[in-house]
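Colleague: Just to be clear, the model below is a prediction. Sequence and coordinates:
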Amino acid sequence: MAYLSQIQGEMLKDSNTILEEFIDAGFKTYDEIRSYISGYGFEGEIVNQKIESLSGGEKNTLQLAKVAASKANVLLLDEPTSHLDTYSQIALEKAIEDYKGAILMISHDFYSVVNGMDYVLIIDDKTIRKMSMRKFRQMIYASHFNKDYLEAEQNKKAVEMKIELALKNTDFESAKVLVDELEELIKLL
């Protein structure tokens, strides 16, 4: 089991450099560490910086990289999106998607829950109820957005998938047309 704390000092030693932190985590060489953490946006000389000099978002991303590198088959994530910028949130979603074990995430970030989890446990007034992602989305969208938002969001997701496929097939002309379509859909949101 591995744990990502919302209190960054619980997992990272401020006096360590990023490289030292990952040597302590079991990596064998600096090249192995550099290769691994580049996927989390840590490249170049930043890897020699002390943990204490990093921003809150960088520390959270580093914790995520460290937890994801563990051999744990259960991850406990306590408010993992705290302090994260957009790039780091995307890295978190990708790490969650690629993770092969079970994840228990405590979060108030509806977007990350919707994009990363299989189901939700709602804790309300001393009761716990399990909810499918479909019902959870509908509940969130109904309380935060107008009725057409869910449909527009689904259309946007479909176009994003078509863009990804077009790029994968190096069909840049179709991708450009789809990007224009996506921009129009985003304006509606």
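Modeller: Happy to help now that I have it.
Colleague: Per the annotation, how does this structure divide into domains?
Modeller: Domain assignment of the chain by automatic domain parsing yields the ranges 2-108, 146-189.
Colleague: For residue 49, what are phi and psi?
Modeller: When read as degrees, to the nearest 10, the backbone of residue 49 gives phi -80, psi 150.
Colleague: Identify the residues contacting it.
Modeller: With contact set as C-beta atoms under 8 Å, 6 or more residues apart in numbering, residue 49 has these partners: 17-18. The way it works is simple: take the backbone N, C-alpha and C, and place the C-beta from them, glycine included.
Colleague: can you pull the pLDDT of it?
Modeller: Per-residue pLDDT puts residue 49 at 93.
Colleague: Ok, residue 84 next?
Modeller: 73.
Colleague: hmm, back to that, comparing the domains of the chain, which comes out most buried?
Modeller: Highest mean neighbour count of these: domain 2-108, a mean of 16 (counted as mean count of other C-beta atoms under 10 Å).
Colleague: Ends of that one, what's the gap?
Modeller: Domain 2-108 has an end-to-end distance of 20 Å (C-alpha to C-alpha, to the nearest Å).
Colleague: Use 37 as the first number for this chain going forward.
Modeller: Right, with 37 as the first residue, what we last looked at is domain 38-144.
Colleague: Low-confidence stretches in the chain?
Modeller: The model of the chain has pLDDT under 70 over residues 44-45, 180-183, 186, 225.
Colleague: could you pull out the helices for the chain?
Modeller: All helices of the chain, identified by DSSP state H, fall at 54-60, 66-74, 92-105, 122-134, 146-152, 169-180, 185-204, 208-224.
Colleague: can you redo the domains of the chain as CSV with distance to residue 155?
Modeller: Formatted as CSV, the domains of the chain follow (distance: least, C-beta to C-beta, whole Å):
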stretch, distance to residue 155
domain 38-144, 11
domain 182-225, 18
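Colleague: Between those, which one is closest to residue 164.
Modeller: domain 38-144 (12.8 Å; C-beta to C-beta).
Colleague: roughly how far is that closest one from the heart of the chain?
Modeller: Here domain 38-144 is found 11 Å from its chain centre; the criterion is C-alpha atoms, centre = their mean, to the nearest Å.
Colleague: now stretch 37-49
Modeller: The mean C-alpha position of stretch 37-49 is separated from the chain mean by 16 Å, C-alpha atoms, centre = their mean.
Colleague: Just the endpoints, please. Distance across that stretch?
Modeller: 20 Å.
Colleague: closest one to residue 38 among the helices of the chain?
Modeller: Here helix 92-105 is closest among the helices of the chain (C-beta to C-beta), at 4.6 Å.
Colleague: so that closest one versus helix 66-74, what angle?
Modeller: On the basis of axes from the mean of the first three to the mean of the last three C-alpha atoms, to 10 degrees, helix 92-105 is oriented at 120 degrees to helix 66-74.
Colleague: All good on my end, thank you.
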